[in-house]
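In: Quick one, fold the following:
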Amino acid sequence: MGVLHAPGSTYMQASHTALKCERCQCVDGVKECRDHTPTCAAQCADGEHNDLDALDPCGCQACYPTAPSTKTRCIDSDLQPRSIGEWYRDTRSGQCMICHCQATSAVCRLMQPSCTGGCEEGFEPALDENNPCECVCRPISGCDFRGQQYANGDTWTVSAYHNCSCLNGTVMCELRAVKTCSPGALPCPTEAVIRSKNVYECDRCPADGETCPRQRVSFWFNRGVTCEFCFCISGRARCIPNPFGCSPCGPDHLEYPRVDSCSCPFCVPISNGA
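Out: The predicted model follows:
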């Protein structure tokens, strides 16, 4: 629970996250603070010295005999010497510690870095495994959806009405777009048409291997990116590349583009200019 201060009063407070002492004043109900460094040495007798308390930035340690500032008293996790009064980070325990080298030993406390933001799309901030005092950006591994793992950028169908996708570690789901179907008759016979079951599909002709009527042999052309000759036989659709092909135009003819993938080009005689 916080401490109430009277209007106009001045007081000290320790900011442990920033490792500093602040001198604050209550002005019209608003707290105004500035950095403040206590004068510790003035409290000691000649030949003695003390430092700020590592656990209380607004307090001082007990006085002790002054030692040369160049004398090493502490060794950090990298086996580097540290002088009395020096602040440094230490990762000896596998955690990030902030340490203060004092007369007899170092006083350390845990300082957990806050890793948030600052990464490009597709990456997330995380503690560095080799240095727990630093943050790094790692590729987002993916998403977990109902026990199934998906890579970042994957899209999948959850139901007849919803699609989901993995975006930077977050699963995003939305209604599927209503299908816009081309008007007009399909190339396959009416009895072979596979009817749509919802607004997200269109009526279509059976693909190779799908079920089709057994009553009679039916055939049609699928005029897609490539031309296929399809027919129903024994209750199954069979589709093969257009077996008929086209004859090339002769050297004295101009070739006009095909109408679709199953048509042949028009060959028009070249005029002599007469």
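In: what comes into contact with stretch 230-246?
Out: Counting contacts by C-beta atoms under 8 Å, 6 or more residues apart in numbering, the residues outside stretch 230-246 that touch it are 188, 192, 205-214, 216-222, 226-229, 261-262, 264-265. The C-beta positions use only the backbone N, C-alpha and C, and glycine is treated the same way.
In: Only C-alpha atoms, please: export it in CSV.
Out: These are the backbone C-alpha positions of stretch 230-246, laid out as CSV (Å, rounded to 0.1, in the frame of the first residue of the first chain):
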residue,chain,number,x,y,z
CYS,A,230,-13.3,-36.3,-69.8
PHE,A,231,-15.8,-39.1,-69.8
CYS,A,232,-17.8,-41.2,-67.4
ILE,A,233,-17.3,-44.9,-67.5
SER,A,234,-18.3,-47.6,-64.9
GLY,A,235,-19.4,-44.9,-62.5
ARG,A,236,-16.1,-43.0,-62.5
ALA,A,237,-14.8,-39.9,-64.3
ARG,A,238,-11.7,-40.2,-66.4
CYS,A,239,-9.9,-37.1,-67.7
ILE,A,240,-6.9,-37.2,-70.1
PRO,A,241,-5.1,-34.4,-71.9
ASN,A,242,-6.7,-33.4,-75.1
PRO,A,243,-5.7,-36.3,-77.4
PHE,A,244,-6.8,-34.7,-80.6
GLY,A,245,-4.2,-31.9,-80.9
CYS,A,246,-4.0,-29.2,-83.5
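In: Which neighbouring elements make contact with the helix or strand hosting Ser165?
Out: For Ser165, the element it lies in under DSSP states H and E is strand 162-167. Applying 3 or more C-beta pairs under 8 Å, 6 or more residues apart in numbering; DSSP states H and E, one finds that strand 162-167 contacts strand 143-145, strand 155-157, strand 170-175.
In: Quick check: ChimeraX command selecting the buried ones in the contacts of stretch 230-246.
Out: Here is the ChimeraX command that selects only those of the contacts of stretch 230-246 that count as buried (16 or more other C-beta atoms under 10 Å):
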select :188,192,205,206,212,213,218,220,221,222,227,228,229,262,265
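In: can you tell me which of the contacts of stretch 230-246 are in strands?
Out: Cross-referencing the contacts of stretch 230-246 with the strands (criterion: DSSP state E) gives 218-222, 227-229 as the overlap.
In: ok, back up a step: walk me through which strands the strand holding Ser165 pairs with, and which way each runs.
Out: When pairing is defined by DSSP bridges, strand 162-167 lines up against strand 155-157 (antiparallel), strand 170-175 (antiparallel).
In: Can you tell me what sits against that strand?
Out: With contacts defined as C-beta under 8 Å, 6+ apart, strand 162-167 is touched by 142-143, 145, 150-158, 171-176.
In: could I get that strand in CSV with only the CA atoms?
Out: The C-alpha coordinates for strand 162-167 follow below in CSV (Å, rounded to 0.1, in the frame of the first residue of the first chain):
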residue,chain,number,x,y,z
HIS,A,162,-14.6,-20.4,-41.6
ASN,A,163,-11.0,-20.2,-42.6
CYS,A,164,-8.2,-19.6,-40.1
SER,A,165,-4.6,-18.5,-40.6
CYS,A,166,-1.5,-18.2,-38.4
LEU,A,167,-0.2,-14.6,-38.3
